[in-house]
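*Asks:* pasted the sequence and its predicted model underneath.
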Amino acid sequence: MASACKKEVENAAPVEPFISSQCLYRQGDYGSQFWRIPALLCLDDGTLLAVNDKRKYSYRDLPEDIDIVYRRSYDNGITWTEPQTLIEGQGRGRGYGDPALVQCANGDVLCLFAGHNGYFQSTAADPICIYMCRSTDRGQTWGDTVNLTSVVWNASSSYHGAFVASGNGLRLKRGPHAGRILFAAAVLRNGQNVSDNFVIYSDDNGHTWQRSQKAFTAGDEAKLMELTDGTVLISVRRSGARGCNRSADGGESWGVQSTWSEMSVNACNGDMLRIDDTTLIHSIPNSMQRENVSLFTSTDEGRSWHSPVLLVGGASVYSSLTQLADGTIGCYVEKGPDSGCELWFYRFNRAWLRAQFDQ
């Protein structure tokens, strides 16, 4: 029997390269002039959850009037539900944006996002706030908002604003902190348009939170990845060489920050994803402009990146990655100029990615 099974595997047809794409939102769809800020997550039951900003009247960030909406797919992104509103903006200065997702060990899904004032307009008296909503039914419905701003900064600190980078948070699966959930935050220094990065983390499925030591000085939007030895890797938005650092204690304290010179790109939000035991990919514009979102590859646990593969040619900006239930990879990405972005869902397999290396 074992020999027969082995022979069947050896004779199996090779997996053909595959890629597809579809537009989920165009300018003017569903009564909104603009769409931005994708977050994509495949849940433990295979449901694909796509969350983003509905920028109804302006393409600009908060404090504009912005809703956060979501769609779900039950067939690996082939078809999608109609959009539903996670939280609705109530006018300028009372909007919400920049959603980030994680699924807890107990199955709950958390969405963290910013609200009210703009980041650079934030003050102690009128702050930009960090909010959290929880879904206990895998993204079908969402509960009340919880304000997490005081976890990151308060009026007596040397900071006066913060927001969590949109896209994906992280749940640790290895070592003594397995089950911990983490999000990377950019925190604005008093009197300066300069941000530092901290991580907020929870060991009880998002009911209570703590803030890490500083993870990166003079950073911006950042993403997190768990490595095979349990180390947490942070990738930080910068203009030029992208920033990085590592934590050996589940994101509580951080080492000496560094940069990836081989990923010298536009200051933009991207994402990281582990696609197998030896390979990470990183989506980011491969340009000093907001264009040509590409997939960089690392086979040494994020020490270096190589072989950028073009995913979206031309103007393209933020992106979010997840691995689907069938093993294919999903990327939710802004396509087009900042002033009129469309949101597209790309799906491809590892055979397609490998085939691009050979071209």
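*Replies:* Thanks, I have the structure now. Residues are numbered from 1 along each chain as shown.
*Asks:* what distance separates the start and the end of stretch 149-168?
*Replies:* 19 Å (Cα to Cα, to the nearest Å).
*Asks:* just stretch 208-227 next, same as before
*Replies:* One end of stretch 208-227 to the other measures 25 Å (Cα to Cα).
*Asks:* distance from the chain centre to it, please.
*Replies:* 13 Å (Cα atoms, centre = their mean, to the nearest Å).
*Asks:* list the buried ones in it?
*Replies:* 209, 211-212, 214-216, 219-226 (16 or more other Cβ atoms under 10 Å). For glycine as for every other residue, the C-beta is placed from the backbone atoms N, C-alpha and C.
*Asks:* same check, this time on stretch 135-142
*Replies:* 135, 138-139, 142.
*Asks:* go on, stretch 240-249?
*Replies:* Under the neighbour-count criterion of 16+ other Cβ under 10 Å, stretch 240-249 has 242-247 buried.
*Asks:* next one: stretch 69-78
*Replies:* 69-73, 76-77.
*Asks:* got a list of contacts for that stretch?
*Replies:* Here stretch 69-78 makes contact (Cβ atoms under 8 Å, 6 or more residues apart in numbering) with 22, 24, 30, 46-54, 79-86, 139-140, 324-326, 328, 330, 345, 347.
*Asks:* separation between Thr278 and Asp271?
*Replies:* 19 Å (Cβ to Cβ, to the nearest Å).
*Asks:* the more surrounded of those two?
*Replies:* Under the criterion of other Cβ atoms under 10 Å, the comparison of Thr278 against Asp271 puts Asp271 first, with 27 against 11.
*Asks:* show the pLDDT at the more buried one.
*Replies:* The model reports Asp271 with a pLDDT of 98.
*Asks:* ok, the residue lying closest to it once chain neighbours are set aside to Tyr332 distance?
*Replies:* In this structure, Asp271 finds its nearest non-sequential neighbour in Leu321, 4.3 Å apart by Cβ to Cβ, 6 or more residues apart in numbering. The gap separating Leu321 from Tyr332 is 8 Å, by Cβ to Cβ.
*Asks:* so what's the residue lying closest to Arg174 once chain neighbours are set aside up against?
*Replies:* Excluding the flanking residues, the one nearest Arg174 by Cβ to Cβ, 6+ apart is Gly230, at 4.4 Å. Residues near Gly230 by Cβ under 8 Å, 6+ apart: 172, 174-175, 177, 248, 250.
*Asks:* buried among those? Need that as a selection in ChimeraX.
*Replies:* For the buried members of the contacts of Gly230, the matching ChimeraX selection, counting by 16+ other Cβ under 10 Å, is:
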select :172,177,250
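*Asks:* longest strand in this structure, please.
*Replies:* Longest strand in the chain by number of residues, with DSSP state E as the criterion: strand 306-323.
*Asks:* go through it and flag the buried ones.
*Replies:* Quick answer for strand 306-323 (16+ other Cβ under 10 Å): 308-309, 311-312, 315-322.
*Asks:* before we move on, what about stretch 86-96?
*Replies:* Result for stretch 86-96 [16+ other Cβ under 10 Å]: buried residues 86-87, 89, 93, 95-96.
*Asks:* restricted to strands, list these.
*Replies:* Counted as lying in strands by DSSP E, out of those, are 86-87, 96.
*Asks:* for these, could you give me TSV that also reports pLDDT and distance to Asn193?
*Replies:* As requested, these are exported to TSV (pLDDT from 0 to 100; distance: Cβ to Cβ, whole Å):
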residue	pLDDT	distance to Asn193
Leu86	98	30
Ile87	98	28
Tyr96	98	23
